[in-house]
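Peer 1: give me coordinates for this.
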Amino acid sequence: MIRAALFDFDGVIANTEPLYDLFWNEAADRYRIGIPHFASRIKGTIMPHIMATYFSNHSEEERQRLQQECDQFELNMDYTEIPGAKAFIQELQNQNILVALVTSSKQSKIERALKELALEQTFDTIVTADRITKGKPDPYCYQLAAKDLNISPSECLVLEDSLAGIAAGTAAGMKVIGLSTTLPADRLAEKVHRTIPDFTTITWTELCDWL
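Peer 2: Residues are numbered from 1 along each chain as shown. Sure, this is the predicted structure:
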C-alpha cells in the first residue's frame, strides 16, 4: 500500500525546466564547458556536484561568479505550476496520503517558490539540497524523506521528471511515476512504472490501479 507521495519540484510541481535550460546552456557556452545541451546533462543534480564535475578547472572567482548568477536567476524566476499539480496534491491530502517535497534546489529558493505558489503549509516534510551531502541519482534524499515520515520506502511513490531523480527513487526502493515535462515519454518509459504528461488526466485512484 502506498502511504506517501514524494514530489520533485522543478518539472514536477513547477514549470521551471525550460527556464533552467536557457540559463545553463548559455552558462555552459560562456564558461567554455564544451558539452552540447549541457542543461540536459545536469538535470536533477545539486549545485556542488555540478561545480565539482564540470567547473573544477575554472578559477574560484569564476565559480563564485557562476553561483551568484544562478542565485540571481532563481531570485528573479517566476513560478507557475505544472498543470493540475496543486489539485492533485490536494486530492492526496483528502485521502490522508502523506506528501513530501524532495528537491536538489536550495532551501532559500524553495521557501520563495512555495510562497509564490501558495504551497507553504502543504508538505509533511521537505528535503532540499541543504539537508544532503549526496544528490540525485544517489537515493539518500528519498531515503531521508521516508525516514522523516516514519514509513518504509516500499510505501512511497516518487514523482520525477529527470533521469537522475528517477534513478534515485528507484535505488531507494520506491515506485516511480515519470512526468514527461522535461524529457520525452519514450526516454522515461523503461525506467518508471508509468509516464504521465501532467496531472490533469489522472486521479489518485487511477494511479494506484496502475501500481
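
Peer 1: next one: whichever helix in the chain runs longest to chain centre, how far?
Peer 2: Secondary structure of the chain read by DSSP state H shows that its longest helix is helix 60-75. Chain-centre distance of helix 60-75: 20 Å, with Cα atoms, centre = their mean, to the nearest Å.

Peer 1: report all helices and strands that that helix contacts.
Peer 2: In terms of contacts (3 or more Cβ pairs under 8 Å, 6 or more residues apart in numbering; DSSP states H and E), helix 60-75 is packed against helix 17-30, helix 47-54. (C-beta placed from N, C-alpha, C; glycine too.)

Peer 1: who's in contact with it?
Peer 2: 19, 23, 27, 31, 47, 51, 55, 58, 105, 109, 112 (Cβ atoms under 8 Å, 6 or more residues apart in numbering).

Peer 1: could you chop this structure up by domain?
Peer 2: 4-15+80-210, 17-75 (automatic domain parsing).

Peer 1: averaged pLDDT, the longest helix of the chain. What do you get?
Peer 2: If you average the pLDDT over helix 60-75, you get 93.

Peer 1: which is the next helix or strand following it?
Peer 2: Scanning forward in sequence from helix 60-75 by DSSP states H and E, the next helix or strand is helix 85-94.

Peer 1: which elements pack onto that following helix?
Peer 2: strand 4-7, strand 98-102, helix 204-210.

Peer 1: quick revisit: got the CA positions of the longest helix of the chain in PDB?
Peer 2: What follows is helix 60-75, C-alpha atoms only, in PDB (Å, rounded to 0.1, in the frame of the first residue of the first chain):
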ATOM      1  CA  GLU A  60      37.500  30.200  -7.700                       C
ATOM      2  CA  GLU A  61      36.500  33.600  -8.900                       C
ATOM      3  CA  GLU A  62      34.600  32.100 -11.900                       C
ATOM      4  CA  ARG A  63      32.900  29.500  -9.700                       C
ATOM      5  CA  GLN A  64      31.800  32.200  -7.300                       C
ATOM      6  CA  ARG A  65      30.500  34.300 -10.100                       C
ATOM      7  CA  LEU A  66      28.500  31.400 -11.600                       C
ATOM      8  CA  GLN A  67      27.000  30.700  -8.200                       C
ATOM      9  CA  GLN A  68      26.000  34.400  -7.900                       C
ATOM     10  CA  GLU A  69      24.500  34.300 -11.400                       C
ATOM     11  CA  CYS A  70      22.500  31.200 -10.500                       C
ATOM     12  CA  ASP A  71      21.300  32.700  -7.200                       C
ATOM     13  CA  GLN A  72      20.200  35.900  -9.000                       C
ATOM     14  CA  PHE A  73      18.500  33.900 -11.800                       C
ATOM     15  CA  GLU A  74      16.500  31.900  -9.200                       C
ATOM     16  CA  LEU A  75      15.600  35.100  -7.300                       C
END
